[in-house]
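Asks: Predicted model follows, preceded by the sequence.
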Amino acid sequence: MENIIRQRALPLWRDRQYLLWLGSDTGSALGMALQSFTVPLVALVATGSPAQAGLIAALGQLARVVCTLPGGVLADRRDRRKLMVIGGVLGAAGSIGLCLAVVVGGLGFWSLLVLHLFMSVRNGVFGSASDAALKDLVPESRLASALAANQGRDAVISLAGGPLGGLLLSVSQTLAFGAMGAAHAVAALSARCIDSPAAPRAPDARTTAAPGSHDGDNGPGAFRSYLAEGTAGMAWLLRRRDLRGILLISTLLNLGINASIISVIFALQQRGEPATTIGWVSASMGAGMLLGSLPAAALLKRLPTGLAVCTGLLVMACAMALLPFTQSPILVSVLFGISIFGAPTINAGLGGYFMSAVPTELLGRATSASALLGMAAVPLAPLIAGFGYPAWGWAGLLCFCAGICVFATVLAVANRSLRTLPVQADWAGHAETHADRGTNAPAAGR
């Protein structure tokens, strides 16, 4: 116990537990980044149809969304470290399957669809475990700094993911999928080395499952138990006045931004741009995130979180609104970078407040419910891109995507609960003032 307390008193960069978690989460994030970049492009090459490629991407997104809620329940019931290990192993296995399909010459619409669905289900079921484990390993006073550091890590992955994916694809599809598998293997190994299991805390009277809904149940009873616990977590979030408006805005923003990115990737591919050029355009968002992550922690300590978030959203909306008026890869890259500059502060601020407001024993379910609502419309993004580009062209499609981002920003600025989020030091007190009689952690099976 003394050793754990001593480690948690160390700076994050010297905290072994956090560094191992970061290594695992980074491997998983890189694997998913390579998947999201390579699979749509490989699908375009294999099928020759933007509509079919969009359908593969959309069904993968849908599978991830559907599996998010049960994944959150699993993260609250089981040892989160073991779930991270299993998720990494399954990610490596799916990547090996893609490599074998390429080698035997069987990579087509159906094989890509099945393997992409498998990987997407893995992302949904095991993604919540890593997010929830962070609060088990990092004290609340350092959550904002940890999340800001993670935003910088995400920026590096976004910066490197596109060019790396494009470079690997230019050599061979097998190499690209092999790198994806290696990243997931690193995630599994790093999670396995965490000393203290990132397991949920012992359940109390509020979270103990009702009779007939224990972990060992099988069949319909177990399914009903998981469904009840997952929906209870979502109901808890929706009863929180300070969180539910944020979730709606996140849903719209995720749709608008993802649709813009996929639309640009599809359009550049269809007009014959090489994979390396597409990769560098995608990497521009990583560059913007990396630069934006540098001041994120300091801004959240000094500025009210609501002010920082709304300012970042206004910059994002303005940059997205300019995208339809240029087709130059260089200018598109600049606008993408500007649009995402405020994202690290936005994500660290909202994510840190979210973790501060949610009880640890509910964090897996609440995180998965938040991800479900935030990604609910994302499966529409590749469909918008795949069917919208032939119908509306570059300008029309990106005007539609920009309109979604602008609408979400207007809702955010008009949302008093979001605008009034305080500085980091006052998060706990602010969350307490918004907690009411209906927001205690739900009991499973009610």
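Replies: Noted; the coordinates are in hand. Numbering: from 1, shown residues only.
Asks: what's the distance between Ala357 and Leu307?
Replies: Separation of Ala357 from Leu307 (CB to CB, to the nearest Å) stands at 19 Å. To be clear about C-beta, it is placed using only N, CA and C from the backbone, and glycine gets the same treatment.
Asks: Of those two, which one has the most company?
Replies: Ala357 (20 against 16; other CB atoms under 10 Å).
Asks: Buried residues in stretch 318-335, which are they?
Replies: 318-324, 329, 332-335 (16 or more other CB atoms under 10 Å).
Asks: what's in contact with that stretch?
Replies: 256-257, 260, 264, 268, 273, 277, 280-281, 283-284, 336, 338-339, 394-396, 398-399, 401-402, 405-406 (CB atoms under 8 Å, 6 or more residues apart in numbering).
Asks: Restricted to buried residues, select the residues you listed in PyMOL.
Replies: Selection of buried members from those for PyMOL, criterion 16+ other CB under 10 Å:
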select buried, resi 256+257+260+264+268+277+280+281+283+284+336+338+339+394+398+399+401+402+405+406
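Asks: Show me the helices in the stretch 301-446 of the chain, by range?
Replies: 305-322, 329-339, 343-357, 363-375, 380-414, 416-419, 427-434 (DSSP state H, counting those that start in this stretch).
Asks: same check, this time on the stretch 51-200 of the chain
Replies: With DSSP H, counting those that start in this stretch as the criterion, the stretch 51-200 of the chain has helices spanning 80-103, 109-137, 143-171, 173-192.
Asks: Lowest average confidence across the ones you listed, which one?
Replies: Among those, helix 143-171 carries the lowest mean pLDDT, at a mean of 74.
Asks: Verify the contact between Leu74 and Val125 for me.
Replies: Yes - shown here, Leu74 and Val125 form a contact pair, counting by CB atoms under 8 Å, at 6.7 Å.
Asks: one step back: nearest to Leu69, out of the helices of the stretch 301-446 of the chain?
Replies: Leu69 sits nearest to helix 363-375 of all the helices of the stretch 301-446 of the chain, at 5.3 Å, using CB to CB.
Asks: what angle separates that closest one from helix 109-137?
Replies: Counting by axes from the mean of the first three to the mean of the last three CA atoms, to 10 degrees, helix 363-375 points 130 degrees away from the direction of helix 109-137.
Asks: Run through the neighbouring helices and strands of helix 363-375.
Replies: Packing partners of helix 363-375 (3 or more CB pairs under 8 Å, 6 or more residues apart in numbering; DSSP states H and E): helix 50-77, helix 109-137, helix 220-239, helix 241-270, helix 343-357.
Asks: Show me what counts as buried in that helix.
Replies: Applying 16+ other CB under 10 Å to helix 363-375 flags 363-375 as buried.
Asks: what's the answer for stretch 102-119, then?
Replies: Neighbour-count burial for stretch 102-119 flags 102, 107, 111-113, 115-119 (criterion: 16+ other CB under 10 Å).
Asks: Return the closest of the residues you listed with respect to Leu69.
Replies: Leu117 (17.4 Å).
Asks: Identify the residue spatially nearest to the residue nearest in space to the middle of the chain, adjacent ones excluded.
Replies: What sits nearest the mean C-alpha location of the chain, by CA atoms, centre = their mean, is Ala371, with 7.3 Å. Of all residues not flanking Ala371 in the chain, Thr68 sits nearest, at 4.9 Å (CB to CB, 6 or more residues apart in numbering).
Asks: Contacts only, for the one you found.
Replies: Thr68 makes contact with 124, 127-128, 368-369, 371-372, 375, according to CB under 8 Å, 6+ apart.
Asks: Which member of those residues is positioned nearest Gly152?
Replies: Out of the contacts of Thr68, the member with the shortest distance to Gly152 (by CB to CB) is Gly127, at 19.8 Å.
Asks: Do I have it right that the closest one meets Leu69?
Replies: No - contact criterion CB under 8 Å: Gly127 and Leu69 do not qualify, at 11.6 Å.
Asks: hang on, the earlier thing: which one of the helices and strands packed on helix 363-375 lies nearest to Leu22?
Replies: Closest among those, using CB to CB: helix 109-137, at 9.1 Å.
Asks: hang on, Arg240 packs against Phe354?
Replies: No - when contacts are counted by CB under 8 Å, Arg240 is not listed as touching Phe354 (9.8 Å).
Asks: and Val66, how far is that from Ser250?
Replies: 18 Å.
Asks: Of those two, which one has the most company?
Replies: Set Val66 next to Ser250 and count neighbours by other CB under 10 Å: Ser250 wins out with 21 against 16.
Asks: Verify the stated contact: the more buried one with Leu373.
Replies: Yes - between Ser250 and Leu373 there is a contact under CB under 8 Å: 7.2 Å.
Asks: related to what we said a few turns ago, could you export the helices of the stretch 301-446 of the chain as CSV, including distance to Thr231 and mean pLDDT?
Replies: Putting the helices of the stretch 301-446 of the chain into CSV (distance: least, CB to CB, whole Å; pLDDT from 0 to 100) gives the following:
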stretch, distance to Thr231, mean pLDDT
helix 305-322, 28, 92
helix 329-339, 34, 90
helix 343-357, 19, 82
helix 363-375, 8, 74
helix 380-414, 23, 88
helix 416-419, 23, 83
helix 427-434, 21, 78
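Asks: Could I get those in CSV, plus columns for distance to Leu175?
Replies: Compiled in CSV, the helices of the stretch 301-446 of the chain are given as follows (distance: least, CB to CB, whole Å):
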stretch, distance to Leu175
helix 305-322, 34
helix 329-339, 24
helix 343-357, 30
helix 363-375, 29
helix 380-414, 24
helix 416-419, 44
helix 427-434, 45
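Asks: Identify the farthest-apart pair in the buried residues of stretch 102-119.
Replies: Maximum pairwise distance among those (CB to CB): 17.5 Å, between Val102 and Leu117.
Asks: picking that back up, of the buried residues of helix 363-375, closest to Thr47?
Replies: Using CB to CB, Met375 is the member of the buried residues of helix 363-375 that sits closest to Thr47, with 24.5 Å.
Asks: rewinding a little: arrange the helices and strands packed on helix 363-375 in CSV, one row each, with distance to Ile157 as further columns.
Replies: Listed next are these as CSV, based on distance: least, CB to CB, whole Å:
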stretch, distance to Ile157
helix 50-77, 18
helix 109-137, 14
helix 220-239, 27
helix 241-270, 15
helix 343-357, 13
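Asks: Select, out of those helices, the one closest to Leu300.
Replies: Of all the helices and strands packed on helix 363-375, helix 343-357 sits nearest to Leu300, with 5.3 Å by CB to CB.
Asks: Just the CA coordinates for that closest one, please, in CSV.
Replies: Coordinates of each C-alpha in helix 343-357 appear next as CSV, following Å, rounded to 0.1, in the frame of the first residue of the first chain:
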residue,chain,number,x,y,z
ALA,A,343,-9.8,19.8,-29.3
PRO,A,344,-7.2,18.8,-26.6
THR,A,345,-8.5,21.5,-24.2
ILE,A,346,-12.1,20.6,-25.0
ASN,A,347,-11.6,16.9,-24.5
ALA,A,348,-9.4,17.2,-21.4
GLY,A,349,-11.8,19.7,-19.9
LEU,A,350,-15.0,17.8,-20.5
GLY,A,351,-13.4,14.4,-19.9
GLY,A,352,-11.8,15.5,-16.6
TYR,A,353,-15.0,17.0,-15.4
PHE,A,354,-16.9,13.9,-16.5
MET,A,355,-14.5,11.6,-14.5
SER,A,356,-14.7,13.9,-11.5
ALA,A,357,-18.5,13.8,-11.5
